[in-house]
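sequence unavailable; structure follows:
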């Protein structure tokens, strides 16, 4: 089988496993207060040019989103998010379960714009409404798109104007920042957000996301909320070890670039065969449209997901490449269409 | 000033105050377990033809909605509601504060349709999504529209097909059931919902809504949740007394009909003067459009609310009549336009 | 029947009802933003010597406690309370339902002491524990006791030392401040708490508690949380009207003093008959012990509650006087023992 | 340094790491729906003789406790737990954050008894109280004690009598079931609980607990709540792989027995030197008392935790052995005292 279903279905890059082996017999303090997490945090602060930021490691994206937003919001406050955002659809109401409304904003490409925020500020006019207080974005988005530096700056300015926080879900930050069209430097992000996370699970490690908490107002209490919302692992150093390795020799960026390379190969090949895409992508998620009768045949030899869009006898599917996708898999796929 | 701003800004019908006086020196058991609440519940069970239902009295609509839905839903379950629904916009996230997502459905008239429910069922496909389990409707809606009996039946059937609960917010049930176009009998409602409430606050009493809990599955525990969610009043009999009076000599229906009568006078008069409405209304909420320059002048002598719709130099306002609106007020208004 | 069961089972003082009648035909703005609430707030600020405080009216004690504490606490923070406190036992977990732990402190008299707080601060040592951030007290307590001014000062100092908030439940503030042994002036309270509420429901009105919010940090957002937690009434002015009346001609204090007078009559009479009390009381709640065989006979003619304490053939009961208790009822009771 | 601080500070048994390596290049379906989790579940069902149970894997104990109890309880329901229970003190209010009160029961040995449950049932008498609906126990307890089979049977019977659920936290189940004094068979547990978890993190794997969900009533929805409460890992198969290995050749039991063996060595050695213990232990947690002046010296060469108990110039410390504790470490420690 050719695997183009998602970017979290293979273990870790081999160097990551080796790092875990190397440190397996050490005694380390529990709950993320250990030398590996400390070193990983320092590496990340350097890499992302944010010497004053706090860094916290959590085992997955949902718990990172839920914990960070729970930390940011008072009871009556809400987060504004594009309707395709992970927190809107794929976290089984995790944010609402902490008591906060998510204000869904329609978005074709998964991005949110300053005018969307402005509209929500006007609409939520008094204390009978929830108070929009944070904005959730993802880079890359769940539909494979990225933010330009100017777009991110404009969002941050809008948030500041209304005393709102900007939070970036970076589950796929590696493919975003290594995308061809990207003009956002890794050093820019901390200055343009109140918090963001660096996704590890979808970019070559066994598990782990690194939350970079920039806003000083939430630092003191964060570990309390981290523990309460179940994001604190007993053997937290496992994430420290993995992230240290991930940022050794630019592995993180190389793995992201690798996923983008196979995605571009795939995209180019599909276009050359005359097929189109139901939406553009800048990164490792592709949404090609194939004749309805072709899709069951693909399914026999390729693992992928359906995508809810059809037109004129064609239907969209979702193809995803990852750090582990081999060029041979792409070639194999292209031969089938 | 002419008051056309809302239907909850005057005290109570005089007979209601008299009933409170009459019973003021009695000793009554607290927390809604008293002879007046018992009698009011019995009257309501008769009036709405639901001998097996439980009836609970709460001081307002928000607490009634929040408590009932919190009772119906398990942690991962959500309620589907038209985006104009009171729970979506005007309760400061009360439902979300109990941990549940509200799935907003676009709706021009404030009503929800079977296909809206079907769509949400298909969209929320697995455990990564919240599970749609209840449907919230209001009759009349927040935009003044009512459900036909067939519409309500179709909703109930759709809910049953998907093992979902149907809950009706009846803050304005009196105007709904006494509307000219209404074909829904009061005796129909219990059979077509899992719970509904009979609004008192907006129809002539000081405070109080009567929740009619039809679904047997939630009866045993309801008073626990009622207490926890702050809907249980120490002197609960005050609501029993008011509801007994409200259903004496059909006062409830007469007050609703009265609000509808002044609304129809107002609507007819506005149309006769050549103005239009930005949306239709079946009940006591009207949304006429007036020239932009006229509105500030109206505001000098009339209390009303703006409505967020403008076109071609005309803007919409919201006019509301109530049991306490005098025909003279309507005439006074019509003279001004 | 002689009624000595509780202090919330009769309607309102007659002047209160008259005030409601007088204002019944007015149009008032909804949701507590009206001239009566404004005037009542001003009266209360004068009466309690806190010109900068905000005053909010809510229909009951549970919603007042839940809303205020939800406003004060971040997700990981807890409130310390005596185990007999209303929030610990009689609110069906209302506080926990907003996500916060209550740290129960053992207490024979319903009071909490500085050393209790100090102990909890030491015990909750790091981020694996909740963080004690508020202290809940009631004056009078649920067992009829009051705080001296020195006791309250010591609590406030302890709270300040640990950056904690002090919140006083004043459901029975009227009997506390008019108790014989009381040395706490009404003008002292705002300076010694972050918030307290002035109980109306148990002292002569139909419903209503007045929260006095002293701490500036929570003022801006309070009405959002008030709405979300269901404490905002549509016809909020009904509480403004009642509180204006309650603080006219010192009625509030007179009604509290009246409950205390009949309580002292009752206490003296019981002692003179040779019976003892299982715990002392400063106010309107009494806990006499009577022979086990006498209690069923009392029950035939007196309404009261059992109290879970027995010894040597004697059992405790709870007797409660209120503003509405007549001296004749006390005499009648004393004749029976 | 000699490490006797806890049982979760070393990586994994070497065979566990090897199993992760072996499977690292496979593609596996995400979120715990994969062949390894399926096989691990089957192994566990056989091992614990519960063919009808569901098994879910979660990365830590806190998330397992929070998720399971959130699944079991309706909004007004509470869990009864010994005051030393992990959910009471060391989860930063995780259970309360889902809206539920924990009713703390005083307990010297960390165990709960039928009479404790009976008392709470009587105390929580009506809808003004939370409703005790589940009982939380841990085996071994946080103070190293174990339940006998008769004790567990009696608890289960009491729970059934009151229609309550019994949940066992098995973070240290391996040391409990391999303790010298243990008479509870692994095959007994499913029949005597509604759910229990098999702790992996504290017994030789990198991370992972296996929840065995016995009660049919909560099976259908569990994965929704698992996702919402952040217990579902993207690469869930990592836990399946580890648990398959852990139950190969009885490794799980051997590792537990190993921790017990070094604990008994340590206990015997300490007694032989004439020291006593502030409380008894059946498993791998020991609470010896040493002269106050000795403790700082120990700290120079041994990692351990203080324990809050002192008497007559002696203070208690907590010593913990694990699967990774070497007999040499024990000997080294004994030489120091």
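In hand now; what should we look at? Just so it is clear, the structure is predicted and the values come from calculations on it, not from any experiment.

dump the residue contacts of the residue in the stretch 101-250 of chain A that chain C sits nearest to.
Per CB to the nearest CB, the residue of the stretch 101-250 of chain A with the smallest distance to chain C is residue A:224, at 3.6 Å. The way it works is simple: take the backbone N, C-alpha and C, and place the C-beta from them, glycine included. Residues touching residue A:224, when contacts are defined by CB atoms under 8 Å, 6 or more residues apart in numbering or on different chains, comprise C:75, C:76, C:127, C:130, C:131, D:92.

same thing with residue A:174?
Contact criterion CB under 8 Å, 6+ apart gives A:198, A:199, A:202, A:203, A:252, A:253, A:255, A:256, A:259 as the residues in contact with residue A:174.

list of residues touching the longest helix anywhere in chain A?
With secondary structure taken from DSSP state H, chain A has its longest helix at helix A:251-272. Here helix A:251-272 makes contact (CB under 8 Å, 6+ apart) with A:4, A:7, A:13, A:15, A:173-180, A:198, A:203-204, A:245-246, A:277, A:281, A:283-286, A:288, A:319, A:321-323, A:325-327, A:329-330, A:333-334, A:337.

mind checking which of the residues you listed land in strands?
Within those, residues falling in strands by DSSP state E are A:198, A:277, A:285, A:286, A:288, A:319.

where does residue A:243 sit: helix, strand or coil?
The three-state label for residue A:243, taken from DSSP: H, G, I helix; E, B strand; the rest coil, comes out as helix.

so who does the closest residue to it other than its chain neighbours touch?
Once its chain neighbours are removed from consideration, residue A:243 has its nearest residue in residue A:40; the separation is 3.9 Å (CB to CB, 6 or more residues apart in numbering or on different chains). Contact criterion CB under 8 Å, 6+ apart gives A:55, A:57, A:210, A:239, A:240, A:241, A:243, A:244, A:247 as the residues in contact with residue A:40.

mind running it again at 6 Å?
Contacts of residue A:40 were listed using CB atoms under 6 Å, 6 or more residues apart in numbering or on different chains, and they are A:240, A:243, A:244.

and if you look at residue A:100?
With CB under 6 Å, 6+ apart as the criterion, the residues that contact residue A:100 are A:73, A:78.

part of a strand, is it?
No: looking at residue A:100 with three-state DSSP, it is coil, so not inside a strand.

and the gap between it and residue D:315?
In this structure, residue A:100 and residue D:315 are separated by 45 Å, where distance is defined by CB to CB, to the nearest Å.

can you check residue A:334 too?
In this structure, residue A:334 and residue D:315 are 72 Å apart, going by CB to CB.

and if you look at residue A:154?
60 Å.

pLDDT weak spots in chain A?
Along chain A, no part satisfies pLDDT under 70.

give me every residue that touches the closest residue to residue A:58 other than its chain neighbours.
If you skip the residues right next to it in sequence, residue A:58 has residue A:231 as its closest partner in space, 4.0 Å away by CB to CB, 6+ apart. With contact set as CB under 6 Å, 6+ apart, residue A:231 has these partners: A:58, A:63, A:67.

let me know the closest of those to chain B.
Using CB to the nearest CB, residue A:63 is the member of the contacts of residue A:231 that sits closest to chain B, with 14.1 Å.

okay, now that closest one: neighbour count?
Residues lying near residue A:63 (other CB atoms under 10 Å in any protein chain shown) number 26.

tell me which element it falls in.
Taking DSSP states H and E as the criterion, the element that holds residue A:63 is helix A:61-72.

what does residue A:150 give?
Using DSSP H and E, the element containing residue A:150 is helix A:149-161.

now residue A:132
Counting by DSSP H and E, the secondary-structure element that holds residue A:132 is strand A:131-138.

so which bits of the stretch 101-250 of chain A are right by chain C?
The stretch 101-250 of chain A comes close to chain C at residues A:127, A:128, A:131, A:223, A:224, A:225, A:227, A:228, as judged by CB under 6 Å from any CB of the partner chain.

does the second one really touch residue B:90, like I thought?
If I follow you right, that is residue A:128. Yes: between residue A:128 and residue B:90 there is a contact at 4.6 Å, judged by CB atoms under 6 Å.

flag every residue of the stretch 1-150 of chain A that's near chain D.
Proximity of the stretch 1-150 of chain A to chain D (CB under 6 Å from any CB) is limited to residues A:3, A:8-11, A:17, A:21, A:24, A:27-28, A:30, A:59-60, A:62-63, A:92-94, A:97.

in strands, which of these appear?
Reading strands off those with DSSP E, I get residue A:3.

pull the contacting residues for residue A:329.
Residue A:329 touches residue A:2, counting by CB under 6 Å, 6+ apart.

please report the distance of it from residue A:319.
10 Å.

where does chain A come near chain B, residue by residue?
Applying the criterion CB under 6 Å from any CB, the portion of chain A that neighbours chain B consists of A:76, A:90, A:92, A:93, A:96, A:97, A:99, A:101, A:128, A:130.

now the helices for the stretch 1-150 of chain A?
All helices of the stretch 1-150 of chain A, identified by DSSP state H, counting those that start in this stretch, fall at A:14-22, A:35-47, A:61-72, A:86-89, A:94-97, A:114-123, A:149-161.

report the distance from the third one to the chain centre.
From the chain centre to the centre of helix A:61-72 is a distance of 13 Å (CA atoms, centre = their mean, to the nearest Å).

dump the contacts of residue A:174 to a markdown table, plus neighbour count.
Compiled in a markdown table, the contacts of residue A:174 are given as follows (neighbours: other CB atoms under 10 Å in any protein chain shown):
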| residue | neighbour count |
| --- | --- |
| A:198 | 28 |
| A:199 | 29 |
| A:202 | 27 |
| A:203 | 30 |
| A:252 | 28 |
| A:253 | 17 |
| A:255 | 23 |
| A:256 | 28 |
| A:259 | 27 |
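
got JSON lines for the residues you listed, with distance to residue A:297 too?
Compiled in JSON lines, the contacts of residue A:174 are given as follows (distance: CB to CB, whole Å):
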{"residue": "A:198", "distance to residue A:297": "39"}
{"residue": "A:199", "distance to residue A:297": "33"}
{"residue": "A:202", "distance to residue A:297": "28"}
{"residue": "A:203", "distance to residue A:297": "31"}
{"residue": "A:252", "distance to residue A:297": "37"}
{"residue": "A:253", "distance to residue A:297": "37"}
{"residue": "A:255", "distance to residue A:297": "31"}
{"residue": "A:256", "distance to residue A:297": "32"}
{"residue": "A:259", "distance to residue A:297": "26"}
